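A.B. asks: this one's sequence-less:
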């Protein structure tokens, strides 16, 4: 019996590899000394935090570089390079929200500059194709910081250059010189891995949807939205190009928009790309059961996230798929789950208090997987 274990991270508690290992340990313990199942672990990611780790097996090396975090503090980070010299760069490892303490989180004050520094280093090292994962950022600067790091020049009304633009600076930009950026990117291609399809502006845009998650209050959201609209309009006049309405342009506080508009990048659903790279579908073929998971399961889980991708591949091969999660927010009808390819969703907090689940997440996830495996054996 083959069981495929392909969870996302349990945000704030377990990485995807740690979650996969905990699930596997529960199954092994539950199986006892009898015929033990063959466990195939495929930790997953969708373009956010942990994506570089999920793709580590396809990397030939991991260059390190000194950059800056979202608040401009020195940071030592790494990126991956494949055998064909494709750079794999994760925004969350540089300007990620998890890099900041809760009291430091305010997208008016953060910049994507450090992410641009990593991209610039990869290009300078000779990588002509860069795959970037942009989820999990602490920023809402429409990628202005990223663009500045790549050479784009921004100026205020009195001609003052903005060397490291933040979210608060978007409304101050009155002139743009993209020529140095275009020179940096000459001969390069950029592929974006993202887990969202939000546009840049409006009620479903970067400021309205994601800025509150990064520490913005209602007043800050309004300021970020106005700054983004002004910056996008100025960009359209300067470049004759504006991708604000394209799906995914609102990802990572508008980094998606910056890369699409200024860098002519392409955007790919992150979970689907990771699944292809790690051979997930091949692993699922012939399996008896697939177990996936994430920290919080809600209605968004079925739209472009790891859980949805894993379930779709399992359904394609007629393999039952189960979600183990820390908690779940939304009541989703069984018919909806079945249509997505899911047999069941089971949360730790269905069984134990939240505080207890957070205190020993790996142990409790292992216990839950043991219970689910016993139920699976009884039913099969």
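C.D. replies: Everything's here; your move. Source: prediction; values computed, not measured.

A.B. asks: Need the nearest residue in space to residue 348, chain neighbours excluded.
C.D. replies: residue 357 (4.3 Å; Cβ to Cβ, 6 or more residues apart in numbering). C-beta here means a position set from N, CA and C on the backbone, and glycine is covered the same way.

A.B. asks: wouldn't the one you found be in contact with residue 367 here?
C.D. replies: No: between residue 357 and residue 367 there is no contact under Cβ atoms under 8 Å: 10.7 Å.

A.B. asks: And the two? Which one has more around it.
C.D. replies: residue 357 (22 against 19; other Cβ atoms under 10 Å).

A.B. asks: which residues touch the more buried one?
C.D. replies: Counting by Cβ atoms under 8 Å, 6 or more residues apart in numbering, residue 357 makes contact with 326, 327, 348, 349, 364.

A.B. asks: cool, and residue 62?
C.D. replies: If you count contacts by Cβ under 8 Å, 6+ apart, then residue 62 has 78, 79, 80, 81 around it.

A.B. asks: And it, how close does it get to residue 313?
C.D. replies: Distance, residue 62 to residue 313, using Cβ to Cβ, to the nearest Å: 28 Å.

A.B. asks: would you list every one of the helices in the stretch 51-200 of the chain?
C.D. replies: Secondary structure of the stretch 51-200 of the chain (DSSP state H, counting those that start in this stretch): helices at 51-54, 92-95, 113-124, 144-149, 179-184.

A.B. asks: who touches the first one?
C.D. replies: So that's helix 51-54. So helix 51-54 is in contact with 15-17, 43-45, 79-80, 88-90, 92-93, 133, 135, 193, 270, 274, 278, going by Cβ under 8 Å, 6+ apart.

A.B. asks: let's see 7 Å
C.D. replies: With contact meaning Cβ atoms under 7 Å, 6 or more residues apart in numbering, helix 51-54 is reached by 15-17, 43-45, 80, 88, 90, 93, 133, 193, 270, 274, 278.

A.B. asks: Point out the most buried one among the helices of the stretch 51-200 of the chain.
C.D. replies: Among the helices of the stretch 51-200 of the chain, ranked by average contacts under mean count of other Cβ atoms under 10 Å, first place goes to helix 144-149 (a mean of 30).

A.B. asks: Show me what that one is packed up against.
C.D. replies: Applying 3 or more Cβ pairs under 7 Å, 6 or more residues apart in numbering; DSSP states H and E, we find helix 144-149 packed against helix 113-124, helix 255-262.

A.B. asks: Please produce TSV containing these, extended by distance to residue 241 and mean pLDDT.
C.D. replies: Output for these, formatted as TSV (distance: least, Cβ to Cβ, whole Å; pLDDT from 0 to 100):
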stretch	distance to residue 241	mean pLDDT
helix 113-124	19	98
helix 255-262	6	98
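
A.B. asks: Now distance to residue 145 too, for these, in TSV please.
C.D. replies: Shown next, in TSV, are the helices and strands packed on helix 144-149 (distance: least, Cβ to Cβ, whole Å):
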stretch	distance to residue 145
helix 113-124	4
helix 255-262	9
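
A.B. asks: Select, out of these, the one closest to residue 306.
C.D. replies: Across the helices and strands packed on helix 144-149, residue 306 has its closest neighbour in helix 255-262 (18.8 Å, Cβ to Cβ).

A.B. asks: Please point out which parts of the helix or strand just after the closest one sit buried.
C.D. replies: Note on helix 255-262: by DSSP states H and E, the next helix or strand toward the C-terminus is strand 266-269. Across strand 266-269, burial judged by 16 or more other Cβ atoms under 10 Å covers 267, 268, 269.

A.B. asks: pLDDT (mean, whole number) over strand 266-269?
C.D. replies: The average pLDDT within strand 266-269 is 93.

A.B. asks: what's in contact with whichever helix or strand comes after it?
C.D. replies: Moving toward the C-terminus from strand 266-269, the next helix or strand (DSSP H and E) is helix 270-277. With contact meaning Cβ under 7 Å, 6+ apart, helix 270-277 is reached by 44-47, 51, 54-55, 58, 133, 135, 193-195, 281, 304-306, 309, 313.

A.B. asks: 6 Å - rerun?
C.D. replies: 44, 45, 46, 47, 54, 55, 58, 193, 194, 195, 306, 309 (Cβ atoms under 6 Å, 6 or more residues apart in numbering).

A.B. asks: The last one: neighbouring residues, count only.
C.D. replies: Counted by other Cβ under 10 Å, the residues lying close to residue 309 total 27.

A.B. asks: which ones are touching it?
C.D. replies: Counting by Cβ under 6 Å, 6+ apart, residue 309 has contacts 271, 272, 275.

A.B. asks: Tell me which residues touch the nearest residue to residue 259 once chain neighbours are set aside, please.
C.D. replies: Spatially, and ignoring its direct neighbours in sequence, residue 259 is nearest to residue 265 (4.0 Å; Cβ to Cβ, 6+ apart). Residues near residue 265 by Cβ under 6 Å, 6+ apart: 190, 192, 259.

A.B. asks: Go again with 10 Å.
C.D. replies: The contact partners of residue 265, by Cβ atoms under 10 Å, 6 or more residues apart in numbering, come to 130-132, 134, 185, 188-192, 243, 248, 255-256, 258-259.

A.B. asks: Next secondary structure after the host helix or strand of residue 18?
C.D. replies: Element membership of residue 18 [criterion: DSSP H and E] is helix 16-31. Per DSSP H and E, the first helix or strand lying C-terminal to helix 16-31 is strand 38-41.

A.B. asks: No more questions from me, cheers.
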